[in-house]
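Q: When you get a sec, could you give me coordinates for this:
(2 chains)
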There are 2 protein chains.
Amino acid sequence: MSDTERDVRLVAERAKDAAADLAPLSRAAKDAALLAIADALVAESASIVAANADDVARARDNGESEAMVDRLALTVERVNDIADAVRDVCDLPDPVGEVVRGRTLPNGLELRQVRVPLGVIGIIYEGRPNVTVDAAALCLKSGNAALLRGSSSAYSSNSRIAEVLRAALADTEVPVDAVQLVPGTGRDSAQHLMRARGLVDVLIPRGGAALIQAVVEGSTVPVIETGAGNCHVYVDADADLRKAVAITLNSKTQRLSTCNTAETLLVHASVYGKFLPLLLPELRERGVTVHGDERVHALDAENVVAANDADWSTEYLSADLAVKVVDSLDEAVAHIRRYSTDHTEAIVTESQSAARRFVARVDSAAVMVNASTRFTDGGEFGFGAEIGISTQKLHARGPMGLPEMTSTKYVVTGDGHLR
Amino acid sequence: MSDTERDVRLVAERAKDAAADLAPLSRAAKDAALLAIADALVAESASIVAANADDVARARDNGESEAMVDRLALTVERVNDIADAVRDVCDLPDPVGEVVRGRTLPNGLELRQVRVPLGVIGIIYEGRPNVTVDAAALCLKSGNAALLRGSSSAYSSNSRIAEVLRAALADTEVPVDAVQLVPGTGRDSAQHLMRARGLVDVLIPRGGAALIQAVVEGSTVPVIETGAGNCHVYVDADADLRKAVAITLNSKTQRLSTCNTAETLLVHASVYGKFLPLLLPELRERGVTVHGDERVHALDAENVVAANDADWSTEYLSADLAVKVVDSLDEAVAHIRRYSTDHTEAIVTESQSAARRFVARVDSAAVMVNASTRFTDGGEFGFGAEIGISTQKLHARGPMGLPEMTSTKYVVTGDGHLR
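A: From the prediction side, this is the model:
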């Protein structure tokens, strides 16, 4: 066993012990700890910003883009916002202890299925240091110990933040080891976390497609896949074209780099000749490059780039949109089933029957009818907080709030009952 | 790609296509297919029994135990019972389409979280050919395509049964490829099934601990761990000793080889001197060998075998019981957390406070208060059917009925809604 492996297993073992003590704590105890964390972040904001300055300087020396530096950089104001987000988590109901199902069995046994914490949640994430606080707060509120493995580019920030969080916990009922940074900045420390089956209950990667793929493929610990979104808007033969233009523009351009941004537009053959001349100038005005199939290209050869097969499977995360004409709703569904990452797809139609068929046949985490793909979001759904958007089918699908960070346990009460 | 790999991927691709057509079918269509299957099993019982005779003869030639041969053997009566079980599945409510959560968001969007099938479920199982029918029926009812990988010892029976099921489906709305046997009897065919990520949505192993471990470790497809049960009964200081004797005997001896059978008894130090003299003669009378720690051994050195560390972690599945005296409830909980497979643990106590602490601190799929461990069972819980008992925390925990064989999808309906 290497030093790194021993170090990672040691923090995981501490996390497991902390999780056992954290699980039965009351909501009041957990909320008190969250408030202590929020207060400590505000009190220590200057030292956090100072630690962050090292990361920012290193990023600049390494020639990182300004967008990257901006994601990394903290100010006192940003730290205060992060602390406010922790206070918001206090206001959310505690999922632990909720009775999901319950009944008295014919023999008199009282059966209850009760929400319990998952145990130890590992989060592997990229450059934003605010995730260190957000993830820790959501884990604590749901009774889970957090093992945080951030990017090496934010190691100085994350280390200071973790110190502040742990110092805040020292005066609360929540065990200090309920929040731990995974030691080491090399690849191998993430690898050992992924292999800590039996100590870590679930891993949630937060970041780009490459990170998520690496975690899914390298883990023996169960993983919840999040985030990759090759989302589609389908404009049906019976669409209200005014709504279709607005929904397409909103889905594509309201924010370019989020997982619920639309990347491909499918248009029914019976309306594309009328619809695309309305849409294409609006896209051009917003700087969006259209990658179109032959029929789309023929409409505006000057501005439409000819699409190739790769366009259908690309999550651009940029001002690009693939556009294809389909001859039927079923062809749209088949295209989606082939190329989608099963995150979010939208149909624009006034036809009840078309909406019903699309909803029934599209197998994605969220299906929108006459609404922007951008609505797939824990905040928009009213969950109050979100640890990620699951694109897998087991355990949780779509935006994951606090209840999705729990398991359940059956509690069966009798009075000497025998089979 | 080897021939076997190609063959396995081919059936998996067919299953995926079949799943897409099966998912939107109505309950009526699925129930009609189940009834057609039940009728076909009855009509073809003679040919099934004939095919089974080959497997039975081979098992006898190989010198298998009579218990093993009995599990394998089919009679016309047994086939009729299997058909009746399929009819029972018809009577269960369809989980697909259930609205799990729903609300109208402040902006007027209608949000519904709806149960949908998982897609393609792979079942890897051992010698009992009835599992071929049971698993197929539960998958169909929950809208999932079934990929069945039985034991080579039952290949002749399973092949004939699969032919009968598929022929019955040919006259129904359910696609024939919704039920398929994975081709090949060698180890490699199971291996390729475990690696068919993207085609198979979940694997459920049904069988002994070795099978389950092999699937968990070898799969890139998500797995639901089932079955291993090192279950504990804890007799508290405040136990009603009469109930404690009855619950211990029932948990250990009502059936010896099931996963919810108790394997270790923990007794509080303040009552063991009174309790064990009541219990030990009853266990002896039932042929149960007690493996005890020092204090237990001292009570009856003639009959109690000295326990070693391996006893605490062994799932005997036989007429053996490990017995240990603990000095506190917390010591019992710590022992359980260390050695349990997190299936089912029971406390016998009249103390509300002890029961509450045990329930809160024991992290197992089911916790019994004054009831036999044998109650952890889909039938006993009133689920009507069970595909297995999950001992993991993600997705499903405890007995898995039809709802646990589904995922969910968010359906969001607007009228031109934009962010």
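Q: Now do stretch A:101-112: distance to the chain's middle.
A: On the basis of Cα atoms, centre = their mean, to the nearest Å, the separation between the geometric centre of stretch A:101-112 and that of its chain is 36 Å.
Q: Report the mean per-residue pLDDT for that stretch.
A: Across stretch A:101-112, pLDDT averages out at 97.
Q: State the distance from A:A33 to chain B.
A: Plainly put, A:A33 is 18 Å away from chain B if you go by Cβ to the nearest Cβ, to the nearest Å. In this view, the C-beta of every residue, glycine as well, is placed from N, C-alpha and C.
Q: To which secondary structure element is that residue assigned?
A: Using DSSP states H and E, A:A33 sits in helix A:27-43.
Q: where's A:V362 relative to A:H335, distance?
A: 10 Å (Cβ to Cβ, to the nearest Å).
Q: Between those two, point out the one with more neighbours.
A: Shown here are A:V362 and A:H335; by other Cβ atoms under 10 Å in any protein chain shown, A:V362 has more neighbours (24 against 17).
Q: State the distance from the more buried one to B:S26.
A: In this view, A:V362 and B:S26 are 18 Å apart by Cβ to Cβ.
Q: A:S340 against A:A228, yeah?
A: No - in this structure, A:S340 is not within contact of A:A228 by Cβ atoms under 8 Å, at 10.0 Å.
Q: ok, these two, which is more surrounded?
A: With neighbours defined as other Cβ under 10 Å, A:S340 and A:A228 compare such that A:S340 has more, 23 against 16.
Q: Now that one. Nearest residue, chain neighbours left out?
A: Excluding the flanking residues, the one nearest A:S340 by Cβ to Cβ, 6 or more residues apart in numbering or on different chains is A:N230, at 5.6 Å.
Q: for the one you found, what are its contacts?
A: For A:N230, the contacting residues are A:263-264, A:313-315, A:339-341, A:343, by Cβ atoms under 8 Å, 6 or more residues apart in numbering or on different chains.
Q: now A:L256
A: Neighbour list for A:L256: A:317-319 [criterion: Cβ under 8 Å, 6+ apart].
Q: same check, this time on A:K274
A: By Cβ under 8 Å, 6+ apart, the residues touching A:K274 are A:L241.
Q: May I ask which helix or strand encompasses it?
A: Following DSSP H and E, one finds A:K274 within helix A:272-285.
Q: Now that helix: buried residues?
A: Going by neighbour count (16 or more other Cβ atoms under 10 Å in any protein chain shown), the buried part of helix A:272-285 is A:272, A:275-276, A:279-280, A:283.
Q: what's the helix or strand following that helix packed up against?
A: Moving toward the C-terminus from helix A:272-285, the next helix or strand (DSSP H and E) is strand A:289-292. Judged by 3 or more Cβ pairs under 8 Å, 6 or more residues apart in numbering or on different chains; DSSP states H and E, the packing partners of strand A:289-292 are helix A:272-285, strand A:305-306, strand A:320-326.
Q: got the buried residues for strand A:289-292?
A: In strand A:289-292, counting by 16+ other Cβ under 10 Å, buried: A:290-292.
Q: distance between that strand and the chain's centre?
A: Centre-to-centre, strand A:289-292 and its host chain are 28 Å apart (Cα atoms, centre = their mean).
Q: residue contacts, the residue in the stretch 51-200 of chain A that chain B sits nearest to?
A: Scanning the stretch 51-200 of chain A for proximity to chain B using Cβ to the nearest Cβ identifies A:L118 as nearest, at 5.4 Å. With contact taken as Cβ under 8 Å, 6+ apart, A:L118 is in contact with A:142, A:144, A:201-202, A:405-407, B:393-394.
Q: ditto for A:D88
A: A:384-385.
Q: Try it again at 10 Å.
A: Going by Cβ atoms under 10 Å, 6 or more residues apart in numbering or on different chains, A:D88 touches A:34, A:38, A:137, A:384-385.
Q: Return the per-residue confidence for it.
A: For A:D88, pLDDT reads 96.
Q: next one: A:L25
A: Note for A:L25: predicted pLDDT of 97.
Q: ok, how many other residues are close to it?
A: Around A:L25 there are 22 residues (other Cβ under 10 Å).
Q: do the same with A:E404
A: 22.
Q: Phi first, then psi, for it.
A: A:E404 adopts backbone torsions of phi -70, psi -10, taken as degrees, to the nearest 10.
Q: Same question for A:G416.
A: phi 90, psi 30.
Q: For it, give its distance to chain B.
A: 4 Å.
Q: How about A:K274?
A: Per Cβ to the nearest Cβ, A:K274 is found 18 Å from chain B.
Q: do the same with A:R356
A: Separation of A:R356 from chain B (Cβ to the nearest Cβ): 9 Å.
Q: Give me the pLDDT for that residue.
A: 97.
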